[in-house]
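Chemist: Sequence first, predicted coordinates after that:
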Amino acid sequence: MRIYVDCDSCPLQVREIIVKAAGRTHSVAFFVANHKIPHGTNAYTYDILVEEGKDKADDYIVKHATRRDIAVTRDILLAERLIAKGVDVINDRGNRYTQENIRERVSLRNYMLELAQNGLKTEEASIFGKKELFQFANAFDTLLTQKLKGEKVEG
């Protein structure tokens, strides 16, 4: 089991939780981006630097992740691609993307994008604070524990 982190939009505090969890569980974590993004390190963390370009980091994660792995991303389109491969996906606020909810999330994303492209102001993302970090830590730890025990992961 490996952890793939879509690093370019992942908050530092979330990256730190992933580094600690990787060390604690001896799970390999790959931080994927097209430039170096700071995070803690240990023997289980690796930076994967991809070339510049649209979706290069996403493409790397999709190519290498398997159904045994966990991916951390807030990119809904990347989540959709990973779910199609059977990868367990969680965002930086602890929300799981699943077969059951991904179509709705993609549809909502596309609708909000269309509104923005037509000049209509859309609601900004809420602030990332202690509550969101706590929710991520709990959800990630639960998912990681289930994966390591080989349990069926429920969405």
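Modeler: Nice, I can see it. Numbering: from 1, shown residues only.

Chemist: Contact partners for Asp8?
Modeler: For Asp8, the contact set (Cβ atoms under 8 Å, 6 or more residues apart in numbering) comprises 33-34, 37, 57. (Glycine included, C-beta is placed from N, CA and C.)

Chemist: Give me the buried subset of these.
Modeler: In terms of neighbour count (16 or more other Cβ atoms under 10 Å), the buried residues within the contacts of Asp8 are 33-34, 37, 57.

Chemist: Next, give me the two most distant ones among the contacts of Asp8.
Modeler: Pairwise distances across the contacts of Asp8 peak at 10.3 Å for Ile37 and Ala57 (criterion: Cβ to Cβ).

Chemist: Find residues that contact each of the two.
Modeler: Taking Cβ under 8 Å, 6+ apart as the contact criterion, the common neighbours of Ile37 and Ala57 are 7-8.

Chemist: With secondary structure and distance to Phe136 as added columns, please give the buried ones among the contacts of Asp8 in CSV.
Modeler: CSV is the format used below for the buried ones among the contacts of Asp8 (DSSP: H, G, I helix; E, B strand; the rest coil; distance: Cβ to Cβ, whole Å):
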residue, secondary structure, distance to Phe136
Ala33, strand, 19
Asn34, coil, 24
Ile37, coil, 17
Ala57, helix, 20
